[in-house]
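> what follows is a predicted protein model with its sequence.
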Amino acid sequence: MSEIFTLAGIAIVAAGFVILLKQYKPEYAFGAALAAGILLLLYTITIFSGIIDEIESLVSSSGIESENFGILLRCLGICMVTKIASETCKDCGQGSISSKIDLAGKVAILVSSMPLFSEIIGIIKNLIEV
């Protein structure tokens, strides 16, 4: 729980710094915002990495195939990277590039999740034959 307060504090201080920097050196503001975003992302990843072991043990005890869990984690990673890149482009005033990144992320998720769709179709075919 305290991690979210740390993240929020870093984000607020970084936002204030970027706003201040934008007034005096606007050309450096984007770099500072990008650096703050990367710092927040890395901190979030360190928090999340401890949870992955716990989730993997739950998945192994539940009988869900670990391959399917890997696909879900990959899709989650694509979502996070896409969102960060999209929001960064929006912050720079590039809304059209942001929307293209969103579309690319959705396509990447669809491609990554195709094995799950194939498995679901197979299950449906088996149910229909019974």
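Done, it's in.

> tell me who's in contact with residue 40.
Taking CB atoms under 8 Å, 6 or more residues apart in numbering as the contact definition, residue 40 lies against 7, 10-11, 14. Placement of C-beta: from N, CA and C, glycine included.

> which of the residues you listed are buried, as a ChimeraX select command?
Once 16 or more other CB atoms under 10 Å is used to decide burial, the buried members of the contacts of residue 40 can be selected in ChimeraX as follows:
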select :14
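
> now the closest residue to residue 30 other than its chain neighbours: phi and psi?
Nearest-residue entry for residue 30: residue 92, 6.2 Å, with adjacent residues in sequence omitted and distances by CB to CB, 6 or more residues apart in numbering. In this entry, residue 92 is assigned phi and psi values of phi -90, psi 0 (degrees, to the nearest 10).

> quick one: residue 92 from residue 84, how far?
Spatial separation of residue 92 from residue 84 under the definition CB to CB, to the nearest Å is 13 Å.

> using CSV, list the CA coordinates for stretch 103-123.
These are the backbone C-alpha positions of stretch 103-123, laid out as CSV (Å, rounded to 0.1, in the frame of the first residue of the first chain):
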residue,chain,number,x,y,z
LEU,A,103,-4.1,0.7,-32.8
ALA,A,104,-0.7,-1.1,-33.0
GLY,A,105,-1.0,-2.2,-29.4
LYS,A,106,-4.4,-3.7,-30.0
VAL,A,107,-3.2,-5.5,-33.1
ALA,A,108,-0.2,-6.8,-31.1
ILE,A,109,-2.5,-8.1,-28.4
LEU,A,110,-4.7,-9.8,-30.9
VAL,A,111,-1.7,-11.5,-32.5
SER,A,112,-0.3,-12.5,-29.1
SER,A,113,-3.6,-14.0,-27.9
MET,A,114,-4.3,-16.1,-31.0
PRO,A,115,-3.2,-19.4,-29.3
LEU,A,116,-5.9,-18.7,-26.7
PHE,A,117,-8.5,-18.2,-29.4
SER,A,118,-7.5,-21.4,-31.0
GLU,A,119,-7.8,-23.3,-27.7
ILE,A,120,-11.2,-21.8,-27.1
ILE,A,121,-12.4,-22.7,-30.6
GLY,A,122,-11.2,-26.3,-30.0
ILE,A,123,-13.1,-26.5,-26.7
